[in-house]
Every structure is written in C-alpha cells, then in structure tokens.
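Student: when you get a sec, could you give me coordinates for this:
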Amino acid sequence: MNPKSRLSRRFLLKGAAGVGGAAAASSLAGGGLVRPALAQTAERSALLVVFTSGGYNAIHSSAQSFLGAGSFGVNNGNVFSPINNNAYLVDAGWNRPDMPNEYKLKMTTILNKTDNSDHGGGQAAAFNVNNMHAGLMLASLIGGNGSIKAASVGNRLPPGNRTAVNGVSMQQISDMQATINALGGGEPDPTVPKRELALKGVEASNAMSANFVGASPKSLVTVREGFGAAIDTLKKPVQVFDVPAFRAAWGIAPNGSLAVGDNMRSKMAAAELMIRAGTNVVFATDSFRNDFHGDRQCVNTRNLWNSDILPAIALFCTRALTIPDTNVVVLVIGDFARSLPGCDHASGQSCTVMGKYVNPGIGPNQQVGANVQFPAGAPRTAGLWAYLAAVTKVPAMAAAAAFGANPHPERVVA
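Tutor: Alright, predicted model coming up:
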C-alpha cells in the first residue's frame, strides 16, 4: 500500500470518527455498551480473527497429536478436552474458569495446508482466496447494516491483500473514544460538532475531493473508502453507549485513555466495541511475540498465552455473550504451526474456531500428525474460510460461490 495513501486514510478515519457527536451521552443505559435505536430481533453474525504473528503452536488445537511422545511438553496434566474425549485435546490453558463454556466447550480445529513455512508466505496464505482477502470477502457476505463492515483494531494491520472486496474495505481503528463518538454516544466532548453538521462537512469534503480522488483511483482507493464509511456511519441512527460499564469491564480508569494499544487486552476491548456497533469481521493482530524457536517444551509459549493472550480472549468471549441477538465466532490463527523437534516453522496452520454453531470435536483431516505434518486431504485457505462462512451462517449458495465447499459440514450445528 502506498504510504501516503495509508496515512491519508488513517487521518480521515480519526477525523471522521471524531466528528460524530456525543448526542446520547446524557442518556447512558445499563446492561451493555450499545443499545440500538431500533430494536433488532433477527440474529446476526460476526467474526473475530485473532492473528498471532510469529506462529500458533498446535498444542492449542491438536494436543492429542503429541501426547504419546510427550512432544512440546504435552502430558496428561496439561491437556483439556472440550468434549471429554481423548481423541480431541487442546492445551489446558483454554480450560480457564473465566472462559465461558459457550466457547471452550464449542471448539474445533480447522487445518490450513499452506505448504508455506516462512513468515511472509504463511501470513499471506492465511487470507488469500483468488487473490482477494478472505476476511473482506466474508465481511461482504455476512451482510447487515453496519457502516463499517470490516475493521482492524490497533496499529498492526493483518497480512494479505487488503484491497476492498465488493465495496467492503478494512478500516483501521486506533481510538475507541473516537469510534464511540462516531457511532453517536459516549462521554461528552465539547470539541465535537453536532452530528448533522459533521455529516454535511464530511459530505462536502467528499464532493470537493472527488476529482482529485478520481484521478488516482488506485493509490487513493482507501481515501474514497474512508469517506464512504464516515458518511454511512454518520447517517446511522444514534446509539446509546454505557461507557462506564465498558470501562469497568475492561479495567480502564474513568478518565483513562481509550486508545487501542499494542496489547491484546485493549485490542479485545476495541473488538467488542466494533462488533456491538455492527462490524461483521474484526481483526486483532498480535505483535510479533510467538516466534519461539527452541521452545521444545513450550514453556515460553504457555507462559505468554496463559498470562496475556488467553485472559484477553476469555474476557472478550464473556462480553460477547451479552451482545444481543449476535452469533460471535472466534478464529485464532498464526503464521504457521511450530515444527518438531526444535519448535521451528511448520508448513501450515492449525487453527482454533469457537462459537455457537461450532459442533465441537475433531475428525479426519482436522489434526496434525505426531511430527506436525499436515494430512494430504487437509483443507487449504478457501476451505478454512468456507467453514467460517458456515458457522457465521452465510447462505450456502453465496458461501460456496466465494469459497467452495465446506470441508467439515459435520462440524457445523444446523
């Protein structure tokens, strides 16, 4: 991406988010962060993608593969079965008391046989379907009326070709306060103009920039998409945000910063906010902390996950259950699994998927071998995303046209 174009988009998003107004700030409601102005009864779906740069060790998704030889330090005392079945074991870190049963007992593993064992190739392969970004493809298929259909929280964008798909672009969110303001509620800010004036200002800016943007349709595509997202957001009905409850849940001080930092906890908080606001697919990309070469017993891996990453995911899952009429699916994926014996780079991804319509367990082509080899019949990237489309309840014909057949229909609750 052209650095100038990216800078322009980030500036536009921050500015557009700040002009939304705080019209509902004096009418804070209890029981949740967002309460839509119009009641919604039909269930919608959303996907959170947690991308752990550096890798995602298969002890988290396929621990049974290593139990016999004790590889990666796997033993009977540090494994957990979501279905009380030794054929499907994951690392015991997932069996946290604060991880709700609706997620840890609704878990499965989907392989992505990428044949890539380098960081760049593995990262690109996670999302590349027909030279398009699979996450943006899915965001466009889920539908809904959210003005921002795909968002990346924090300063780290997920890998892959992020060109817009079917009009859906990836919007970068680095300030939760600005997002709250843009969506029409939150803590009062006297510097923010009224919502209707903000809309007129952004529309006027868009009109004045049309010739300039039109002359550079490729390099300034993200600017055009940013204007569109800002205008759509400001046209939405005002929503009411219980900011104090949100801050309390995530341990953010009453006057503390709502910037999205380079830590998993603030990214999970921002992900909750965006899904409540109607975003279909949210990406939370972890900093490059999982490239643990030589971690043969996975001591470093388990310490990082149990102390930092899993607590944040668990809190997100707990909060996701309180989002009304929403099926929130969680995907955890990294550059690749880790190989044996040295905990280096494997040639594919062993991914965790959790959610309401996930039929827990594991079957053929869902687990790596004892030496972290990927079965010949394991799905590739399109198959992974076909499964995600199924558990986010994308209509079958649309999902098949985009991604092909779901390789694991038995792992979907009808």
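Student: can I see the domain layout of this structure?
Tutor: 1-30+180-259, 45-174+261-411 (automatic domain parsing).
Student: reformat those as JSON lines; add mean neighbour count and mean pLDDT.
Tutor: Quick note: C-beta positions are derived from backbone N, CA and C, even for glycine. Converted to JSON lines, those look like this (neighbours: other CB atoms under 10 Å; pLDDT from 0 to 100):
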{"stretch": "domain 1-30+180-259", "mean neighbour count": "17", "mean pLDDT": "62"}
{"stretch": "domain 45-174+261-411", "mean neighbour count": "21", "mean pLDDT": "96"}
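Student: contact partners for S117?
Tutor: The contact partners of S117, by CB atoms under 8 Å, 6 or more residues apart in numbering, come to 336, 339, 345-347.
Student: list the ones among those residues that fall in strands.
Tutor: The members of these that map onto strands under DSSP state E are 339, 345.
Student: for the helix or strand harbouring S266, which outside residues touch it?
Tutor: When elements are assigned from DSSP states H and E, S266 belongs to helix 264-276. For helix 264-276, contacts defined as CB under 8 Å, 6+ apart pick out 32-34, 46, 48, 50, 148, 151, 153-154, 173, 176, 179-180, 246, 250-252, 259-261, 282, 284-286, 308-309, 311-313, 315-316, 319-320, 323, 326, 328.
Student: CA atoms of it as PDB?
Tutor: The C-alpha coordinates for helix 264-276 follow below in PDB (Å, rounded to 0.1, in the frame of the first residue of the first chain):
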ATOM      1  CA  MET A 264      -4.100  -7.900  23.400                       C
ATOM      2  CA  ARG A 265      -6.400  -6.600  26.100                       C
ATOM      3  CA  SER A 266      -7.100  -3.200  24.600                       C
ATOM      4  CA  LYS A 267      -7.500  -4.900  21.200                       C
ATOM      5  CA  MET A 268     -10.100  -7.200  22.500                       C
ATOM      6  CA  ALA A 269     -11.900  -4.300  24.100                       C
ATOM      7  CA  ALA A 270     -11.900  -2.500  20.800                       C
ATOM      8  CA  ALA A 271     -13.100  -5.700  19.000                       C
ATOM      9  CA  GLU A 272     -16.100  -5.900  21.400                       C
ATOM     10  CA  LEU A 273     -16.900  -2.300  20.700                       C
ATOM     11  CA  MET A 274     -16.800  -2.700  16.900                       C
ATOM     12  CA  ILE A 275     -18.900  -5.900  16.900                       C
ATOM     13  CA  ARG A 276     -21.500  -4.200  19.100                       C
END
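Student: show me what whichever helix or strand comes after it is packed up against.
Tutor: Next in sequence after helix 264-276, counting helices and strands by DSSP H and E, comes strand 281-286. Packed against strand 281-286 by the contact rule (3 or more CB pairs under 8 Å, 6 or more residues apart in numbering; DSSP states H and E) you find strand 44-52, helix 134-142, strand 150-153, helix 264-276.
Student: which parts of the stretch 51-200 of the chain are helices?
Tutor: Taking DSSP state H, counting those that start in this stretch, the helices of the stretch 51-200 of the chain run over residues 64-67, 101-104, 119-127, 134-142, 176-183, 195-215.
Student: so which of the helices and strands packed on strand 281-286 comes closest to R162?
Tutor: Evaluated over the helices and strands packed on strand 281-286, closeness to R162 peaks at helix 134-142, with 7.2 Å, by CB to CB.
Student: just the CA trace of that closest one, in CSV.
Tutor: Extracted C-alpha coordinates of helix 134-142, given in CSV (Å, rounded to 0.1, in the frame of the first residue of the first chain):
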residue,chain,number,x,y,z
ALA,A,134,-10.8,-13.8,2.6
GLY,A,135,-11.8,-11.7,5.6
LEU,A,136,-13.1,-8.9,3.5
MET,A,137,-14.9,-11.5,1.3
LEU,A,138,-16.6,-12.9,4.3
ALA,A,139,-17.5,-9.4,5.7
SER,A,140,-19.2,-8.6,2.5
LEU,A,141,-21.2,-11.9,2.5
ILE,A,142,-22.4,-11.6,6.1
